[in-house]
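[1] 3D, please:
(one chain, ligands or ions: 2)
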Amino acid sequence: MPTFHTASEEETIALGEKLARELPARAAVLLIGNLGAGKTTLAKGIVKGLGVAAPEEVSSPTFTLIHEYGAPPKVYHVDLYRLDRAGEAARLGLDELFDRDAMVLIEWGERFPELMPPARIEIRIHAGEGDHREIEVRCITI
Ligand code: ADP
Ligand code: MG
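    Residues are numbered from 1 along each chain as shown. Ligands and ions are numbered 1, 2, ... in the order given. Next up is the predicted model:
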């Protein structure tokens, strides 16, 4: 899959909308990148593109750990940043989410690779100069 470039928050949201149309509706999608890279911003675009919430309704699940959008949920948005140990993350029951007919967006999932499904999509966001971001989408099949 290709590598994209954005130059503003708005462009990253627009890219998320485009990816929402191209990615499988049911998938584990790891959003990988440093703090402030734009993982939550891209999630806003994907949620918007799937038509389940407006970007301003999407906030970081840093403290709440899991947000869901749609009824029944079409998107789960997970943030594992605050969790230190795999045991804590394991108790979230992510496997149950992966079994659902929904897209599961996961920030900091790469910290707990053993909890991630082998078939997944990895989106890496690299911050460049200023507002520039390089966004690489990779589908990992088994
Ligand atoms: P993360 O979830 O990776 O920690 P956020 O999406 O919460 O990051 O925050 C990204 C920050 O970077 C926001 O303040 C956003 O306005 C800013 N930003 C600047 N340029 C971009 C861009 N091209 N794409 C996404 N966010 C950008
Ligand atoms: Mg975030």
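
[2] and residue 63, how far from residue 38?
    Using CB to CB, to the nearest Å, residue 63 is found at 19 Å from residue 38. The way it works is simple: take the backbone N, C-alpha and C, and place the C-beta from them, glycine included.

[3] again but with residue 121, I slipped
    Per CB to CB, residue 121 is found 16 Å from residue 38.

[4] which of the two has more neighbours?
    Legend: neighbour count by other CB atoms under 10 Å for residue 121 and residue 38, higher for residue 38 (25 against 20).

[5] who's in contact with the more buried one?
    6, 9, 12, 125, 127, 133, 135 (CB atoms under 8 Å, 6 or more residues apart in numbering).

[6] can you tell me the element the residue most central in space within the chain falls in?
    Central residue of the chain (CA atoms, centre = their mean): residue 105, 3.2 Å from the mean position. Per DSSP states H and E, residue 105 falls inside strand 103-107.

[7] picking up where we left off before, filter the contacts of residue 38 down to the ones in strands?
    6, 125, 127, 133, 135 (DSSP state E).

[8] go back to those and keep what's next to ligand 1.
    Among the ones in strands among the contacts of residue 38, proximity to ligand 1 is found for 6, 133 (CB under 6 Å from any ligand atom).

[9] about what we covered before: list the contacts of the residue nearest to the centre of the chain.
    With contact set as CB under 8 Å, 6+ apart, residue 105 has these partners: 29, 31, 43, 46, 75, 76, 77, 78.
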